[in-house]
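Q: Any chance you can model this:
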Amino acid sequence: MSVPAHPVAKLYVDHHGWLKNWLRKKLGCSQRAADLVQDTFERVLRTQASAQPEILREPRAYLVTVAGRLVANHYRRQTLEDAWLAALAQMPEPVAPSPEEQLLILHTLNEVDALLNALPHKVRTAFLLSQLEGLGYAEIGERLGVTVRTVKRYMAQAFEECLMSLE
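A: Predicted coordinates for the structure are as follows:
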C-alpha cells in the first residue's frame, strides 16, 4: 500500500481506527463514533493549514483535542434537545408545533446555544442575567464584581455578537 501524499490523508489512514475506538468507548455507540470521526477529520482538513505542526508532532493528542470538543458539543446539543422534548411533552397537543416547526425550533436553539458558548464567560453571564432574569446593570455588576461601565461593555459585546450572527 502506498503512503498518502497529503498529511491529513496519512493522518486518516494511520489513526482512523484508533480514533473510532476511542470515541466508541467515550460515547457507547459505534454509529455516533463513526459520525464524529468523520466530523473530526473534516474539521482537521478545514484547519489543517494553520495546525499542521501539531498534527505531525502529536497526532493522537491533536485528534483527541478536536474530537473531544466535538463530543462536548454533541452532549451539549443532546442536553438541549432533551430539554426541548421535555418542554414539548408538557404542551397540550393542539398547541404543540408541527414536526417541521419542532425541527426549526431545535435548530434555532442549537444556534443560540453555540452563540452563547462562543462568548467569554462574564459576557455570557451578564447577558443571561439581563435577558433571562431581568437584572439591571448595577445588580449584574454586583454579582460579577465589576463596574456598571464594564457591564455595559459586556452587554454591547453580547448584542454585537447577536447582531453579527443574524447576518
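Q: Report the residue spans of this structure with pLDDT below the cut-off.
A: 1-5, 48-56, 167 (pLDDT under 70).
Q: Quick one: the helices in it, in order.
A: Assigned by DSSP state H, the helices in the chain fall at 7-27, 30-57, 59-90, 99-118, 121-131, 137-144, 148-166.
Q: Now do the fifth one against helix 99-118, angle only.
A: To tie it back to what came earlier, the one meant is helix 121-131. 130 degrees (axes from the mean of the first three to the mean of the last three CA atoms, to 10 degrees).
Q: Which elements pack onto helix 121-131?
A: Taking 3 or more CB pairs under 8 Å, 6 or more residues apart in numbering; DSSP states H and E as contact, the helices and strands that helix 121-131 lies on are helix 99-118, helix 137-144, helix 148-166. Using the backbone N, CA and C atoms, a C-beta is placed for each residue, glycine as well.
Q: quick revisit: next, format the helices of the chain as TSV and append mean neighbour count.
A: Below are these laid out as TSV (neighbours: other CB atoms under 10 Å):
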stretch	mean neighbour count
helix 7-27	16
helix 30-57	15
helix 59-90	14
helix 99-118	12
helix 121-131	18
helix 137-144	16
helix 148-166	15
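Q: Of the helices and strands packed on helix 121-131, which is nearest W18?
A: Closest to W18 of those, according to CB to CB: helix 99-118, at 28.5 Å.
Q: Could I get the CA-only coordinates of the closest one as PDB?
A: Below are the C-alpha coordinates for helix 99-118, written out as PDB (Å, rounded to 0.1, in the frame of the first residue of the first chain):
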ATOM      1  CA  PRO A  99     -42.800  18.400  13.300                       C
ATOM      2  CA  GLU A 100     -41.300  20.900  10.800                       C
ATOM      3  CA  GLU A 101     -41.600  23.700  13.400                       C
ATOM      4  CA  GLN A 102     -40.100  21.500  16.100                       C
ATOM      5  CA  LEU A 103     -37.100  20.800  13.900                       C
ATOM      6  CA  LEU A 104     -36.700  24.500  13.100                       C
ATOM      7  CA  ILE A 105     -37.000  25.500  16.800                       C
ATOM      8  CA  LEU A 106     -34.400  22.800  17.800                       C
ATOM      9  CA  HIS A 107     -32.100  24.100  15.100                       C
ATOM     10  CA  THR A 108     -32.500  27.700  16.300                       C
ATOM     11  CA  LEU A 109     -31.900  26.600  20.000                       C
ATOM     12  CA  ASN A 110     -28.700  24.900  18.900                       C
ATOM     13  CA  GLU A 111     -27.600  28.100  17.100                       C
ATOM     14  CA  VAL A 112     -28.400  30.300  20.100                       C
ATOM     15  CA  ASP A 113     -26.500  27.800  22.400                       C
ATOM     16  CA  ALA A 114     -23.400  27.900  20.100                       C
ATOM     17  CA  LEU A 115     -23.500  31.700  20.000                       C
ATOM     18  CA  LEU A 116     -23.800  32.000  23.800                       C
ATOM     19  CA  ASN A 117     -21.000  29.400  24.300                       C
ATOM     20  CA  ALA A 118     -18.700  31.400  22.000                       C
END
